[in-house]
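Novice: make a model of this:
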Amino acid sequence: SDVCSSDLATVPAVALASTTVASGPGLNAAVAGQPTEFVIDSMDQFGNQITTGGDVFTVAFAGVTNPPQASVVDQADGTYRVTYTATNASSHELSVMMSGQHIASSPFTVQVASNPTTSAGKCTAQLTSLDTISAGTAAALEIVTYDQFGNLRSDSADTFSVEFVGAETHSLSVTKNADGKYVTSQVLETVGIYSVTIKLGDSPIVSSPLQVQVLSAAVSAPHSNMEALPAVFIAGSTHTMVLTSFDQYSNALPDGEANFAVSVADAAVQATIDDNVDGTYSVSVHTTQTGTYAVDVKLAGVALAGS
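Specialist: All right, here's what the predicted structure looks like:
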């Protein structure tokens, strides 16, 4: 008998969400500000690859503020290219759905890393010392790095320039220390207000400049001075000299209350000291007897310069 044969062409059934799969780097990781992608492969219920386009997929992110918007491009061959650009460095929940149903393995977890470029316009700095310090102590600060989207850059390796400008000028270069922080300090010895400028390259960071005020340190007897006694003065008269107090860095003190003491070995001489409450003191010497006398001025047992 004659046998009749013919070819049987089998095509995929309709696409099914639960068997449809996705692959590509964008399902697991992304970098803020850099486009990333993945591909959806439409499958029927038997796992056959769909070879035509026309299916509709919804791609959405959750768990973050300002979630990225995804673009889905139908390749007309059963595959769909998905592209998105995230800006928030954090963990994102990525859902890929067809007809209201998740595809296989959806939702995915995408870890978005910060952008590898530090943005001067987002970096901050703050004083870790007080903004008012005494002469001879250090003004200290810490710089925190961020990318252009405001994401913290824990893996940055930048070099910042820091300049203190005031009664003194100091320029510093700051790199990350062994603890992973950008910190620096500068000892300031001269009284005044200092502007602290922090730059990344030629660009100031967002919180620059900072300001530091330096006040005088404690009064120092060896650095304080008094007007010279006259070589000769008339018995019965009183001579008054001005004592000016300074700290060890030669900053004049703006107020009084230092416990200077004046003494003369001979009881025939009367010596007094008055606080003018402006960092100066009036030292008065009076005697009615002729002679040569040594006038000593001390602070906590330490002699005044020239005394």
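
Novice: what residues are up against N259?
Specialist: Neighbouring residues of N259 by CB atoms under 8 Å, 6 or more residues apart in numbering: L299, A300. For the C-beta atoms, the positions are set from N, CA and C on the backbone; glycine is no exception.

Novice: next, give phi and psi for it.
Specialist: Main-chain dihedrals, N259, degrees, to the nearest 10: phi -90, psi 70.

Novice: same check, this time on L27
Specialist: phi -80, psi -20.

Novice: tell me the contacts of it?
Specialist: Contact partners of L27, counting by CB under 8 Å, 6+ apart, are F38, L94, F108, V110.

Novice: A252 touches S224, doesn't it?
Specialist: No: using CB atoms under 8 Å, A252 is not in contact with S224, being 9.3 Å away.

Novice: shared neighbours, these two?
Specialist: Common contacts of A252 and S224 (CB under 8 Å, 6+ apart): T244, S245, F246.

Novice: can you point out the buried residues in stretch 240-258?
Specialist: Neighbour-count burial for stretch 240-258, with 16 or more other CB atoms under 10 Å as criterion, is recorded at M241, L243, T244, S245, F246, D247, Q248, Y249, N251, L253, G256, A258.

Novice: does the fourth one really touch D255, like I thought?
Specialist: No: counting by CB under 8 Å, S245 does not reach D255; the two are 9.2 Å apart.

Novice: find the residues that touch each one of the two.
Specialist: Common neighbours of S245 and D255 (criterion: CB under 8 Å, 6+ apart): G279.

Novice: reformat the shared contacts of A252 and S224 as a markdown table; add secondary structure.
Specialist: Formatted as a markdown table, the shared contacts of A252 and S224 follow (DSSP: H, G, I helix; E, B strand; the rest coil):
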| residue | secondary structure |
| --- | --- |
| T244 | strand |
| S245 | coil |
| F246 | strand |
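
Novice: ok, so of the residues you listed, who is nearest N115?
Specialist: Relative to N115, the closest of those is F246; by CB to CB it sits at 52.3 Å.

Novice: distance of the nearest residue to that closest one once chain neighbours are set aside relative to L304?
Specialist: Spatially, and ignoring its direct neighbours in sequence, F246 is nearest to H223 (4.3 Å; CB to CB, 6 or more residues apart in numbering). Using CB to CB, to the nearest Å, H223 is found at 9 Å from L304.

Novice: which residues in the stretch 151-300 of the chain form strands?
Specialist: 160-165, 169-174, 182-188, 192-200, 203-204, 210-215, 225-226, 238-244, 260-264, 269-275, 280-287, 295-299 (DSSP state E, counting those that start in this stretch).

Novice: wait, which of the ones you listed is closest to I103?
Specialist: strand 192-200 (43.5 Å).

Novice: elements contacting that closest one?
Specialist: strand 137-144, strand 160-165, strand 210-215 (3 or more CB pairs under 8 Å, 6 or more residues apart in numbering; DSSP states H and E).

Novice: let's see 7 Å
Specialist: Packing partners of strand 192-200 (3 or more CB pairs under 7 Å, 6 or more residues apart in numbering; DSSP states H and E): strand 160-165, strand 210-215.

Novice: what pairs with the first one, and is each one parallel or antiparallel?
Specialist: What it means is strand 160-165. Under the criterion DSSP bridges, strand 160-165 sits next to strand 169-174 (antiparallel), strand 192-200 (antiparallel) in its sheet.

Novice: likewise for the last one?
Specialist: The pairing partners recorded for strand 210-215 under DSSP bridges are strand 132-134 (parallel), strand 192-200 (antiparallel).

Novice: in a markdown table, list those strands along with distance to V206.
Specialist: Shown next, in a markdown table, are the strands paired with strand 210-215 (distance: least, CB to CB, whole Å):
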| stretch | distance to V206 |
| --- | --- |
| strand 132-134 | 23 |
| strand 192-200 | 10 |
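
Novice: could I get those strands as TSV with distance to A104 and mean pLDDT?
Specialist: Below are these laid out as TSV (distance: least, CB to CB, whole Å; pLDDT from 0 to 100):
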stretch	distance to A104	mean pLDDT
strand 132-134	63	97
strand 192-200	45	98
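
Novice: and these: which comes nearest G24?
Specialist: strand 192-200 (34.3 Å).

Novice: who touches that closest one?
Specialist: Applying CB atoms under 7 Å, 6 or more residues apart in numbering, the set of residues contacting strand 192-200 from outside is 118, 120, 123, 125, 141, 143, 158, 160-167, 188, 204-205, 208-214.

Novice: now do 8 Å
Specialist: Residues from elsewhere that reach strand 192-200 (CB under 8 Å, 6+ apart): 118, 120, 123, 125, 139, 141, 143, 158, 160-168, 188, 204-205, 207-214.
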